[in-house]
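Peer 1: Take this sequence and fold it.
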Amino acid sequence: GFPRTLGQAKALDGICELDLVISLHVPFETLKDRLSARWIHPASGRVYNMEFNPPHVHGIDDLTGEPLVQREDDKPEAVAARLRKYKDAAKPVIELYKSRGILHSFSGTETNKIWPYVYALLSNKIPPLHSGEEH
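Peer 2: Modelled structure (predicted):
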């Protein structure tokens, strides 16, 4: 997400005025497991997730047949450290937006269960576009 730090939040304040901020709360273990399941094909940058978008053959790129690799920062220990660092840095950002009354928080582990609530919030805040309207 963005902004991730108080410095980024203050810089963002300098270019726009936010009236809505969404915070998604996903359990630490869920995030760690999902991020750790990410593997890439280095030459192309294609990304696979062993749970949600696995290659046809485990560990092999679908198009080239070359081996997939896991980036160092996607290994479970590195992911855990990144998540702890993110949580510490993001806490003041969350508090800032909460104090402004613009923070909306949602919790869960599955996109299809969280999304309807996010969509309902956005639908009430953003007027729908109608075909034929000028952009």
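Peer 1: per-residue confidence at Arg38?
Peer 2: On pLDDT, Arg38 comes in at 94.
Peer 1: and it, how many residues sit next to it?
Peer 2: As a burial measure, Arg38 scores 19 neighbours (other CB atoms under 10 Å). C-beta here means a position set from N, CA and C on the backbone, and glycine is covered the same way.
Peer 1: For it, give me its contacts.
Peer 2: Arg38 is in contact with 47-50, 70-71, 74, counting by CB atoms under 8 Å, 6 or more residues apart in numbering.
Peer 1: Pick out whichever of these sits closest to Ser36.
Peer 2: Closest approach between those and Ser36, by CB to CB: Asp74, at 6.2 Å.
Peer 1: Give me the distance between that closest one and Tyr117.
Peer 2: Using CB to CB, to the nearest Å, Asp74 is found at 29 Å from Tyr117.
Peer 1: Between those two, tell me which one has more neighbours.
Peer 2: Shown here are Asp74 and Tyr117; by other CB under 10 Å, Asp74 has more neighbours (17 against 14).
Peer 1: residue ranges of the strands in this structure, please?
Peer 2: Assigned by DSSP state E, the chain shows strands spanning 21-25, 38-41, 46-49, 103-107.
Peer 1: one step back: which of the contacts of Arg38 ranks first by neighbour count?
Peer 2: Neighbour-wise, the contacts of Arg38 (other CB under 10 Å) top out at Tyr48, 21 neighbours.
Peer 1: Confirm for me that it is in contact with Trp39.
Peer 2: Yes: using CB atoms under 8 Å, Tyr48 is in contact with Trp39, at 5.0 Å.
Peer 1: For those two, list the residues in contact with both.
Peer 2: Overlap of the contact sets of Tyr48 and Trp39 (by CB under 8 Å, 6+ apart) consists of 55, 68.
Peer 1: which stretches of the protein have low pLDDT?
Peer 2: 131-135 (pLDDT under 70).
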